[in-house]
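Engineer: Sharing a model prediction with you, sequence too.
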Amino acid sequence: MSSPETPAETPEPRTRAWSAQPTYSNLGEIRSHLLPSKACRPRTPGSLSADRQPPPLPKKTLTRTQSLPTHRNSSTARPGQPRKPLLASHSVDESREAQQEAGPPCPLEELSFSTPDASLGHFFQDLRSVEAVHAALAARQLASLATIHARLRTRLTGGRPGPCHSGHSFRFLDNSPCVDSGDALYYRVVRVEEDAWHILAAKVPTRGARGPDPGGLELQASLPSHFNLQSLCGSVPERVLPAAPWRGPAALVAEVPERTVAQWLAEGGARRPPDSARVAALLLLQLSAALEQLEARGAALADLRPEGLLLATPRGCAATEPPRLLLADFGRARPQHPGSRGAHALPLSRLVHALLSPAAARSDPLAAGLAHLAAQLLRRRPSAALTRGALQALLWGPGPSLSAHGAPLGSWLQVRRALLGLHLAERAAGGEAPGLEEWLCCEYLGEATEDSMARALELLWD
């Protein structure tokens with residue numbers, strides 16, 4: 001959740017990351033310096049003598065905190081024409097071009113329900129113009145979605161522990177691992193620093209498995225903080241935890257996993273819940289967001305194993321809600337060849353089929369859409385960013401019927417943004433806290449554009 005960016009179909013290849021503010025002046029002060037003093041003014045025939053001083057000019061009130069006006073302001077109004085309000089130091093021009101250049105002097109984020117009526121003129125060019133009012137309200141809705149997205153991210157992510165240092169001490173919590181991902185075991189560890197403590201996870205290579213890949217660790221440490229990327233906090237040196245059932249140092253990660261995607265599939269079995277297709281789509285959406293970060297760094301994973309994808313309950317959410325997905329296996333990362341098409345399209349297609357059950361694919365429209373997307377991934381080889389846009393369209397629209405009827409995507413986007421705000425307000429009035437899906441939907445509607453939605457629909461239904 002930052003200003004919306006249109007996802008690029010093929011990220012520009014990169015090198016291996018792991019190997020004047022304007023000056024405002026007071027107009028009265030400027031004029032006082034430009035006018036010559038009385039002693040320096042030349043005397044001409046017929047000029048007033050020193051005994052007959054000219055009448056003083058009318059006094060004007062100068063406001064030192066205002067910038068110079070950008071438009072010429074007329075002091076007289078036409079007969080019968082209502083006076084137009086002044087917007088700070090900008091006068092209201094009759095032409096549309098002047099209105100666009102002036103713009104609202106106050107940020108729309110300050111417009112709220114508690115804004116007094118006398119101040120509405122600061123946010124709207126003309127309250128008598130329905131189009132201008134709708135445009136300002138649409139911009140305010142977009143800013144509100146960005147605020148909601150940022151607050152939900154803070155709640156779902158929780159306080160980040162930060163890197164380890166010598167002043168920290170560690171305590172071992174469990175003798176058995178909380179998760180076995182095949183290549184690594186995860187143990188819960190408490191990190192203590194004075195009165196602050198965090199529950200972390202010690203990532204220990206399994207017996208017989210090769211140690212952490214240095215290139216993968218370097219890549220993981222260089223990636224920016226992301227909701228769906230496992231974040232490193234440091235390491236536990238050897239012999240710091242004598243009761244630990246492993247030998248040697250262990251990497252520390254901020255997120256404590258609860259199970260893997262492979263375990264989630266095994267627990268569901270053939271009897272999947274009715275919303276299993278929706279949960280699968282949300283997991284794939286989070287995974288494509290994580291893979292988008294790798295592709296932006298010029299890296300790609302050779303394989304996407306369900307054992308290497310971790311699941312955790314987002315902070316402040318119930319265990320029955322969709323889980324948070326964490327990409328944790330970077331040992332199979334390789335540099336992405338410049339100009340290659342969709343490095344993750346093939347493994348993503350295989351993973352879609354693994355997450356879907358045959359029965360759900362036949363009965364659930366969302367599952368059928370995911371199956372169709374799996375086929376499109378094989379045929380079109382899109383980037384992770386474009387795949388994420390297609391998954392967003394499958395979850396929240398627009399559907400194929402909208403484009404079939406030629407409905408404008410921009411109008412659909414404005415309607416959905418308004419309806420999402422009402423939905424969140426209704427849930428809050430009922431005492432329900434928004435969860436992971438609402439946060440992801442806020443992210444989608446906040447960053448989507450007509451072009452990005454059109455590319456997603458083309459990938460899905462072309």
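Structural biologist: Looks like it arrived, so ask away. Owing to the predicted nature of the structure, the values given are computational and were not obtained by experimental measurement.
Engineer: In this structure Ala254 contacts Thr157, no?
Structural biologist: No - using C-beta atoms under 8 Å, Ala254 makes no contact with Thr157, being 9.3 Å away. For every residue, glycine as well, the C-beta is placed using N, CA and C.
Engineer: These two: which has the busier surroundings?
Structural biologist: Each of Ala254 and Thr157 has its neighbours counted (other C-beta atoms under 10 Å); Ala254 has more, 21 against 16.
Engineer: Would you mind measuring from the closest residue to that one other than its chain neighbours to Pro273?
Structural biologist: Ranked by C-beta to C-beta, 6 or more residues apart in numbering and with sequence neighbours excluded, the top spatial neighbour of Ala254 is Ser231, at 4.6 Å. Applying C-beta to C-beta, to the nearest Å, the value for Ser231 to Pro273 is 30 Å.
Engineer: for Leu283, same thing?
Structural biologist: Applying C-beta to C-beta to Leu283 and Pro273 gives a distance of 14 Å.
Engineer: out of those two, which sits in the busier spot?
Structural biologist: Set Leu283 next to Pro273 and count neighbours by other C-beta under 10 Å: Leu283 wins out with 23 against 11.
Engineer: Ignoring the adjacent residues along the chain, who's closest to the more buried one?
Structural biologist: Among residues not flanking Leu283 along the chain, Leu325 sits closest, at 5.1 Å (C-beta to C-beta, 6+ apart).
Engineer: Output the lowest mean pLDDT helix or strand found in this structure.
Structural biologist: Lowest on mean pLDDT, DSSP states H and E among the helices and strands of the chain sits helix 96-102, with a mean of 40.
Engineer: State the next helix or strand along the chain beyond that helix.
Structural biologist: As assigned by DSSP states H and E, the chain's next helix or strand after helix 96-102 is helix 130-157.
Engineer: Buried by neighbour count: which residues of that next one qualify?
Structural biologist: 133, 136-137, 140-142, 144-146, 148-149, 152, 156-157 (16 or more other C-beta atoms under 10 Å).
Engineer: isn't Leu370 right up against Val279?
Structural biologist: No - Leu370 lies out of contact with Val279 (C-beta under 8 Å); the separation is 11.3 Å.
Engineer: These two: who's more crowded?
Structural biologist: More crowded of Leu370 and Val279, by other C-beta under 10 Å: Leu370, with 24 against 18.
Engineer: Quick one, grab the pLDDT at that one.
Structural biologist: pLDDT recorded at Leu370 is 95.
Engineer: what about Ala371, helix or strand, and which?
Structural biologist: Here Ala371, judged by DSSP H and E, is contained in helix 365-380.
Engineer: can you list contacts of that helix?
Structural biologist: Contact partners of helix 365-380, identified using C-beta atoms under 8 Å, 6 or more residues apart in numbering, comprise 277-278, 280-281, 284, 342, 345-346, 348-349, 352-353, 355-357, 360-362, 382, 387, 390-391, 394-395, 459-460, 462.
Engineer: average pLDDT across the following helix or strand past that helix?
Structural biologist: Going down the chain from helix 365-380, the next helix or strand is helix 384-396, by DSSP H and E. Here helix 384-396 scores 97 as its mean pLDDT.
Engineer: And stretch 318-327, by the same measure?
Structural biologist: 93.
Engineer: Mind telling me what element Cys164 is part of?
Structural biologist: With DSSP H and E as the criterion, Cys164 is inside neither a helix nor a strand.
Engineer: if I read this right, it contacts Cys233, doesn't it?
Structural biologist: Yes - applying C-beta under 8 Å as the test, Cys164 and Cys233 come out as touching, 5.5 Å apart.
Engineer: where do the contact lists of the two overlap?
Structural biologist: Common neighbours of Cys164 and Cys233 are listed as Arg191, Leu252 (criterion: C-beta under 8 Å, 6+ apart).
Engineer: I'd say Leu460 and Gly399 touch.
Structural biologist: No - Leu460 lies out of contact with Gly399 (C-beta under 8 Å); the separation is 9.3 Å.
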